[in-house]
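K.L.:
Any chance you could fold what I've pasted below:
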Amino acid sequence: MELPLSRYQNISLGQILDSSSSSAFDSKAFFFSGSQLYWTNGRKRSTSFSPLRCSLVKQTLRPKPNYKPSKPHEDTEEKTNIKHTKENKFSFGLCDQIEKLVFKRRYQEALELFDFLEIEDGHGVTSSTYDSLVNACIGAKSIKGVKRVTNHMFNNGFVPDQYMSNRVLLMHVRCNMLMDARILFDEMPQRNLVSWNIMIAGLVDVGDYVEAYRLFLTMWSEYSEADSRTFATMIRATAGLGLLYPGRQLHSCVLKMGVSDDIFVACALIDMYSKCGSIEDAQFVFDAMPQKTTVGWNTIIAGYALHGYSEEALSLYYEMQDANVPMDHFTFSIVVRICARLGSLEHAKQAHASLVRHGFSLDTVANTTLIDLYSKWGRIEDARNVFDRMPCKNLISWNALIAGYANHGRGEDAVELFDKMLCEGMRPNHVTFLAVLSACSNLGLSDRGWDIFYSMDSIHNINPRAMHYACMIELLGREGLLDEALALIRNAPFEPTMNMWAALLTACRIHKNLELGVFAAEKLYGMGPEKLSNYIVLLNIYNNMGKMEEAASVIHNLKQKGLRLLPSCTWIEIKKQSHAFCSGDKSHAQTKEIYQYLDGLLVEISKHGYVPENRYLLPDVDEKEEHMLLYHSEKLAVTFGLMNTPDYVPLQLVQSHRICHDCHNALKLISKVKDREIVVRDASKFHHFKNGSCSCGDY
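P.N.:
Reported below is the predicted structural model:
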């Protein structure tokens, strides 16, 4: 009995066409009649019929058509159907695998599998698969992937709904294809609030705040519609522009729209007011928050730190601790920076302990901040310990420790770390080279410094900048090659900067080259006539050479320009309390004991060759009061530290100016007679005094 196949809807075409899929079907049991496919129920067809069978057919069935071989076009149609069926099966399988890979965040593998879908010209790709491909492109930040997915949609006639249109727009925005995104946005047949938010946020993220405002005002005039996300984004734009008035207007809109309690809006307002200079308004918004989250605390603490209110910011951090608010790596990064600004190692150590206690001991950002702090406050070994414990180091981590070694006069360690960085496949940037070249110049590693300098362009494709040239000029200056240093300045591929001339001027002072020093000073005057340090160095050159009339002329010029030689100040922290000393300071509670102890100390180091030098005229020395030289701020701070700390504790000092030559000699001898390590961070670098020598090599 032959029946149309259409009556057997529960039998799939794939099962029927694949004869191996089921033994119940026989490929010989099928035949075509016109466009209808018939099934003979598995019985073999006969070409001859008996009269009885003919009569039965006539009575019960319609006449059976004569069997005709299929025409060529019918055979082609059948093969095409089979081909398309197999292609669809293949496409569906690929789509399923792509979605699974994206779900597991294996974005690059998903995009590689998408290659096969393109090669096979896959049809029938659903919105779900395209949605996954959008996630893959965003996750991998693949511009090539964005173009491929978009072209595949267009070529296969896929018509996206509003949701998918927004997703495609988001894909272009997140992959920084703002020009293409704007074209898509302008050509969208329909735009909802999500579309506007995506486009505006994209403009804010790339810093195009003015265009973001234009788009926002267009949206507001056409739709008068916005949500909390819109306002949070526009408040970010206002913060980027640094404009307080439009920020206040947005704040008013937020209150009227009833979204002021939204955590993202509130944090954006705190950040905006902080960056626009109104920390009081930022505090008002923070106080009004119904629920103060970690992000809210972080934002207000960062706001106070931004304005230099470091003690207030640290106090807020302790309030956050008392409120039992969860802290994240950003919290600790801010606090460590605050401690670095305050110069409080004890507070920094407490923050470090809290970081470990809260489970962020492996966080790259927080640990990098700790490396920077310990390096800047004389604890280079602690910085190295933090670095060695980091499971994952980024470029900033390497740069921070290399720069730390450079500032502490440990050039060999800096170069060794730089070589290790290259061996581990980390690609250096201009900051890396600035740090390692500074290390070479500080220690006089001439050959190694020149090798690294030439490798910037030849190996790493990085054009040396002015600061790199300044390091090489200082390196030449250490060796006394002043003519070569001047030639390097003149042959630079850009206009010489103040740092380059200042490096030459310093070298001229050290090597007492008055003529070239005056020439460099004149160049500096033309570029920075209001910079006090330029006059000070020239003043020292004239004093060194005994040119008192010329020195008096420099002082006269200073007075005419209204520049004043400010007294230097030195800080030392004892038992979590910071003590400040100025030259000749007699305001401290222990002044009498300090001066008595210092007088005895000067007598003691005099036995080892110390002779006071009065030929230098530095910012903390009045030319009419040469006796003040004996009571410079550095000497007073060191004396106070020796009196109030155990013998085994190194002394840590911070000096506002460069340390003078007399104090430098005195501290070298004090470190020897008292067997104490003294670390001074001046305006230029670190000086580690130990056993009668200094890490700077007396340069």
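
K.L.:
drop to CA atoms for contacts and neighbour counts, all remaining ones
P.N.:
Fine.

K.L.:
quick one: residue 673 from residue 689, how far?
P.N.:
12 Å (CA to CA, to the nearest Å).

K.L.:
Okay, buried residues for the helix or strand harbouring residue 183 please.
P.N.:
Taking DSSP states H and E as the criterion, residue 183 maps to helix 178-187. Within helix 178-187, the residues scored as buried using 16 or more other CA atoms under 10 Å are 178, 181-182, 184-185.

K.L.:
One more: stretch 569-580?
P.N.:
For stretch 569-580, by 16+ other CA under 10 Å, it's 569-574, 580.

K.L.:
Sort these by pLDDT and name the bottom one.
P.N.:
Among these, residue 573 carries the lowest pLDDT, at 82.

K.L.:
Report the beta-bridge partners for the closest residue in space to that one that isn't next to it in sequence.
P.N.:
In this structure, residue 573 finds its nearest non-sequential neighbour in residue 579, 6.0 Å apart by CA to CA, 6 or more residues apart in numbering. Beta bridges link residue 579 to residue 572 when assigned by DSSP bridges.

K.L.:
tell me which helix or strand of the chain sits lowest on mean pLDDT?
P.N.:
Within the chain, no helix or strand scores below helix 13-17, which has a mean of 32 by mean pLDDT, DSSP states H and E.

K.L.:
State the pair within the buried residues of stretch 569-580 that is farthest apart.
P.N.:
Farthest pair in these (CA to CA) is 569 and 574. Separation: 16.3 Å.

K.L.:
contacts for stretch 188-202?
P.N.:
162, 165-166, 169-170, 173-174, 176, 178, 181-182, 185, 212, 215-216, 219, 225-226, 229-230, 233 (CA atoms under 8 Å, 6 or more residues apart in numbering).

K.L.:
Among those residues, which are located in helices?
P.N.:
Cross-referencing the contacts of stretch 188-202 against helices under DSSP state H gives 162, 165-166, 169-170, 173-174, 178, 181-182, 185, 212, 215-216, 219, 229-230, 233.

K.L.:
Type out the ChimeraX command that picks the buried ones from these.
P.N.:
Only the buried members of these end up in this ChimeraX selection, burial being decided by 16+ other CA under 10 Å:
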select :165,166,169,170,173,174,178,181,182,185,212,215,216,219,229,230,233
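
K.L.:
just to revisit the earlier point, ok, residue 673 and residue 689, which is more surrounded?
P.N.:
residue 689 (25 against 15; other CA atoms under 10 Å).

K.L.:
That one: what's it in contact with?
P.N.:
667-668, 671, 677-679, 695.

K.L.:
so what's the backbone phi/psi at the nearest residue to it once chain neighbours are set aside?
P.N.:
Excluding its sequence neighbours, the residue lying closest to residue 689 (CA to CA, 6+ apart) is residue 678, at 5.1 Å. Dihedral angles of residue 678 (phi, psi; degrees, to the nearest 10) stand at phi -120, psi 120.

K.L.:
try residue 226
P.N.:
Dihedral angles for residue 226 - degrees, to the nearest 10 - are phi -160, psi 160.

K.L.:
correct me, but it touches residue 218?
P.N.:
No: between residue 226 and residue 218 there is no contact under CA atoms under 8 Å: 11.8 Å.

K.L.:
re the thing from before, quick one: which of the contacts of residue 689 is nearest residue 245?
P.N.:
Using CA to CA, the contacts of residue 689 come closest to residue 245 at residue 679, 47.8 Å.

K.L.:
Show me what the closest one is bridged to.
P.N.:
Taking DSSP bridges as the rule, residue 679 bridges to residue 652, residue 688.

K.L.:
Tell me, how many residues neighbour it?
P.N.:
Neighbourhood size, residue 679 [other CA under 10 Å]: 25.
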